[in-house]
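[1] this is the structure alone, sequence omitted:
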C-alpha cells in the first residue's frame, strides 16, 4: 500500500513531535521530514518530494504563507494543508489564495486532521467550519461588490453627479440652483438613481457613496 508522504512544518519542536507521534498511528501516512520555517520547508520539499505539507503560518525567516505561495509555483504536485492556531479571516483567505488546499485549526480533533490529509492528497480540499464560513462570507461580499459595480455603471452621468451631491448633503433646492435645473427634475433624477441602485433611503445612499469612494468621511 502506497503511503501518503507528509512533511511537518512548524517552528515548535514539541508540536512537530506531537503531530509525528499521532500520524504514526495512521496506517497509510508516513512522515518523511520536518522543517522549522518556510525556507527550510522549501528545501525539504525539493529534496523529499512530500505529497502533503502540514504548514504552520507564523514562523521566523519565512512565513508559512510565503512558503505556501512558492510551493504552489515551484512544486505543484505537492499539496499544502495549513495547520495553525490562527482562525481569523485575515489569515484564512490569504492562505487559501496563496495555494493551500486545506485549512485546519490546531484545536481540531486528530480525526479531522487525518481526514484533511486524505482529502487534499486525493485532489480535494478541506476547510474547518470557521474557514468555510470565512470563504462563504468572502464570496458573498465579492458578489455584493460586483453587484454594486454593475448597478453604478447603469447610472447616467447626470445621475452620478446627483448621487455625489445628495451624498455630500446638499438639499434638492441647492442642487437645482447649482445645476440650473428645476426642483422636479432633481427629484426625478434622485428617484431614478435610487431605483437603479436598489437603495431606498438617504442613509443607505451615503453608505453606498462611501464604499464606492465617491465621497470620503
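    Cool, got the structure. Note that the coordinates shown come from a computational prediction; the quantities given were computed from them, not determined experimentally.

[2] most remote residue from the chain's center?
    With C-alpha atoms, centre = their mean as the measure, the chain has its most outlying C-alpha, relative to the mean C-alpha position, at residue 182: 47.5 Å.

[3] isn't it up against residue 176?
    Yes: under the criterion of C-beta atoms under 8 Å, residue 182 lies in contact with residue 176, with a separation of 6.2 Å. C-beta here means a position set from N, CA and C on the backbone, and glycine is covered the same way.

[4] next, show the common contact partners of these two.
    With contacts defined as C-beta atoms under 8 Å, 6 or more residues apart in numbering, no residue is shared by residue 182 and residue 176.

[5] residues in contact with residue 101?
    Residues counted as contacts of residue 101 (C-beta under 8 Å, 6+ apart) are 79, 80, 81, 119, 120, 124, 125, 126.

[6] who wins for most neighbours among these?
    Of all these, the most densely surrounded is residue 80 (29 neighbours; neighbours counted as other C-beta atoms under 10 Å).

[7] spit out the contact partners of that residue.
    For residue 80, the contacting residues are 52, 53, 55, 68, 71, 72, 99, 100, 101, 102, 120, by C-beta under 8 Å, 6+ apart.

[8] switch to 7 Å and redo it
    Contact analysis of residue 80 by C-beta atoms under 7 Å, 6 or more residues apart in numbering lists 53, 55, 68, 71, 99, 100, 101.

[9] returning to what we had before: of the contacts of residue 101, which belong to strands?
    Among those, the subset assigned to strands under DSSP state E consists of 79, 80, 81, 126.

[10] save these as a markdown table, and put in distance to residue 112 and pLDDT too.
    Conversion of these to a markdown table gives the following (distance: C-beta to C-beta, whole Å; pLDDT from 0 to 100):
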| residue | distance to residue 112 | pLDDT |
| --- | --- | --- |
| 79 | 16 | 96 |
| 80 | 17 | 96 |
| 81 | 11 | 96 |
| 126 | 8 | 86 |
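
[11] quick one: which of the residues you listed is nearest to residue 59?
    Among those, residue 80 lies closest to residue 59 (C-beta to C-beta), at 13.6 Å.

[12] in the sheet, who's paired with the closest one?
    On the basis of DSSP bridges, residue 80 is bridged to residue 53.

[13] how much space between it and residue 169?
    From residue 80 over to residue 169 the distance is 50 Å, taken as C-beta to C-beta, to the nearest Å.

[14] for the spatially most central residue of the chain, report the pLDDT, please.
    The central residue of the chain, meaning the one whose C-alpha is nearest the mean C-alpha position (C-alpha atoms, centre = their mean), is residue 93 at 2.3 Å. Per-residue pLDDT puts residue 93 at 77.

[15] for the one helix or strand it maps to, name the packing helices and strands.
    Secondary-structure element containing residue 93, defined by DSSP states H and E: helix 89-98. Here helix 89-98 is seen to pack against helix 64-74, strand 102-105, helix 129-153 when contacts are counted using 3 or more C-beta pairs under 7 Å, 6 or more residues apart in numbering; DSSP states H and E.

[16] 6 Å instead?
    In this structure, helix 89-98 makes packing contacts with helix 64-74, helix 129-153, judged by 3 or more C-beta pairs under 6 Å, 6 or more residues apart in numbering; DSSP states H and E.
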